[in-house]
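Undergrad: Quick one, fold the following:
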Amino acid sequence: MDKFEKFLKNIPVMPDVATKVLSFAEDLDEVSFNELESLISMDPGLTAKILKVANSALYARQQQISRLQTAISLLGFKAIKSLVMLLTASNMFSKKPVSPFYKYFWQHSLITAFIAQKLCDMTGSTRIREEAFLAGLLHDIGQMSLYESQMNAYDTIMAFINVNEEKTSSEETEIFGVNHREVGRRIMESWNFPSMFADTAGEHGNVNIQSPHKELIVIVSIADLMTTILHEFGFTDEM
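TA: Numbering: from 1, shown residues only. Sure, this is the predicted structure:
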């Protein structure tokens, strides 16, 4: 039996709304842009979360954003796509959306994504800035599968989650027989994501990166570390 089988059983098929959003062409024209807005607006929870992100401290703004169309314009289509993916996955997994784990996971994933994108701008790697956002958003998705696979088993890891990537992974392996990086890679592969995202999920935080997408993985790894530092100093509490 594949050691990942019981964890992959916790990975449901993407629902219709997410599938439709992901099917939109990258170069949205006015018609498909309006279709995207209409599709998202059918889900009040998704709409509210996107508006919350658009109004977060991560974006400089002069007034409150209250229209979905404005939020989509501000965030950009690729970022919206990424947010829909993470929110959908979170909703599918989470039976306890207000649990400490899911609060941490959402904050950490989102902030890592924005920092990774900013690092691309600062280091001249702008050609992969959108990929860095999505890779940052989904780099720890394996943690959700582990969390859901065994009631309360992940609680002991929460005390030091991501403070030390290797310690987190070794503790996961001791408890579950696999770690979140291994499971995360399998999840990305099962969703037919490009190899750069599977490799980032599987190798972020590694000292010796074997993937040909090393630049992306290094950027996400640095963003991951910076987000952990922000957590430690309490700067993520308002998210």
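
Undergrad: ok, now how distant is the most centrally placed residue in the chain from residue 38?
TA: Compute the mean C-alpha point of the chain, and by CA atoms, centre = their mean the closest residue is residue 137, 2.4 Å away. Distance from residue 137 to residue 38, counting by CB to CB, to the nearest Å: 24 Å. The way it works is simple: take the backbone N, C-alpha and C, and place the C-beta from them, glycine included.

Undergrad: tell me the mean pLDDT over stretch 79-97?
TA: Throughout stretch 79-97, pLDDT has a mean value of 66.

Undergrad: Kindly report the same for stretch 137-145.
TA: Stretch 137-145 comes out at a mean pLDDT of 87.

Undergrad: Could I have the CA atoms of it written out in CSV?
TA: The C-alpha trace of stretch 137-145 is given here as CSV (Å, rounded to 0.1, in the frame of the first residue of the first chain):
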residue,chain,number,x,y,z
LEU,A,137,-0.2,30.3,-1.1
LEU,A,138,-0.1,26.5,-1.4
HIS,A,139,3.3,25.5,-0.2
ASP,A,140,2.1,24.1,3.1
ILE,A,141,-1.1,22.5,1.8
GLY,A,142,0.1,19.1,3.0
GLN,A,143,-0.4,20.3,6.5
MET,A,144,-4.2,20.3,6.0
SER,A,145,-4.2,16.7,4.9
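
Undergrad: and the host helix or strand of residue 200, what does it pack onto?
TA: Per DSSP states H and E, residue 200 falls inside helix 195-203. Helices and strands touching helix 195-203, as assessed by 3 or more CB pairs under 8 Å, 6 or more residues apart in numbering; DSSP states H and E, comprise helix 129-138, helix 180-190, helix 214-232.

Undergrad: before we move on, back to that, what's the residue lying closest to the residue nearest to the centre of the chain once chain neighbours are set aside in contact with, if anything?
TA: Counting by CB to CB, 6 or more residues apart in numbering, residue 113 is the residue found nearest to residue 137 once chain neighbours are left out, at 4.0 Å. Shown in contact with residue 113 (CB atoms under 8 Å, 6 or more residues apart in numbering): 82, 132, 133, 134, 136, 137, 223.

Undergrad: Quick one: buried ones out of the residues you listed?
TA: 82, 132, 133, 134, 136, 137, 223 (16 or more other CB atoms under 10 Å).

Undergrad: does the first one belong to a helix or a strand, and which?
TA: So the one you mean is residue 82. helix 77-93.

Undergrad: Compute the number of surrounding residues for the closest residue to residue 165 other than its chain neighbours.
TA: The shortest distance from residue 165 to any residue other than its chain neighbours is 3.3 Å, reached at residue 205 (CB to CB, 6+ apart). If you count neighbours by other CB atoms under 10 Å, residue 205 ends up with 19.
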